[in-house]
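# Sharing a model prediction with you, sequence too.
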Amino acid sequence: MAVTIVTSQNFEKEVIQSKVPVLLDFWASWCGPCRMLSPIVEEISNEVTDAKIGSVNVDEQPDLASQFRVMSIPTLLVFKEGKVVSSSVGVRPKEDILAMLK
């Protein structure tokens, strides 16, 4: 399953109303660590079937970044039943990210 682009307009539908856990990757195109993490997130999106993987460009969606107090990127947030249950800042190994979803 491909990474879902999450915006202020579709956040409610894609994240809050999701029946499965959602991993959101907050990133920016100019961020070196974000570019390192992006292929890992993409790989996870192709392997995981019991969760949704989303991507939030902080330059294009500053309201979402502000709402979740994202001060450093990359930031990963895991939502379950519309609430943040796990978070991580910086590049993480694939195994750590998968563990966040469990």
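Everything's here; your move.

# do you know how far the residue lying closest to residue 59 once chain neighbours are set aside is from residue 95?
Among residues not flanking residue 59 along the chain, residue 28 sits closest, at 5.2 Å (C-beta to C-beta, 6 or more residues apart in numbering). C-beta: built from backbone N, CA, C; applies to glycine. Counting by C-beta to C-beta, to the nearest Å, the gap from residue 28 to residue 95 is 25 Å.

# Compare these two (neighbour count), which wins?
Neighbours per residue, other C-beta atoms under 10 Å: of residue 28 and residue 95, the larger number sits with residue 28, 15 against 8.

# My read is that the more buried one contacts residue 73, right?
Yes: using C-beta atoms under 8 Å, residue 28 is in contact with residue 73, at 5.8 Å.

# quick one: common contacting residues for these two?
Residues within reach of residue 28 and of residue 73 at once, by C-beta atoms under 8 Å, 6 or more residues apart in numbering, are 34, 58.

# Give me the residues contacting the longest helix seen in the chain.
Under DSSP state H, the helix in the chain containing the largest number of residues is helix 32-47. With C-beta under 8 Å, 6+ apart as the contact definition, helix 32-47 has outside contacts at 1-3, 23, 25, 27-28, 53, 55, 73-74, 76, 90-94, 97-98.

# in this protein, which spans are strands?
In the chain, the segments counted as strands under DSSP state E are 4-5, 22-27, 52-57, 75-80, 83-89.

# Could you dump these into a markdown table with distance to residue 34 added?
As requested, those are exported to a markdown table (distance: least, C-beta to C-beta, whole Å):
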| stretch | distance to residue 34 |
| --- | --- |
| strand 4-5 | 15 |
| strand 22-27 | 4 |
| strand 52-57 | 10 |
| strand 75-80 | 10 |
| strand 83-89 | 11 |
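
# if you compare those strands, which one is most tucked away?
strand 22-27 (a mean of 24; mean count of other C-beta atoms under 10 Å).
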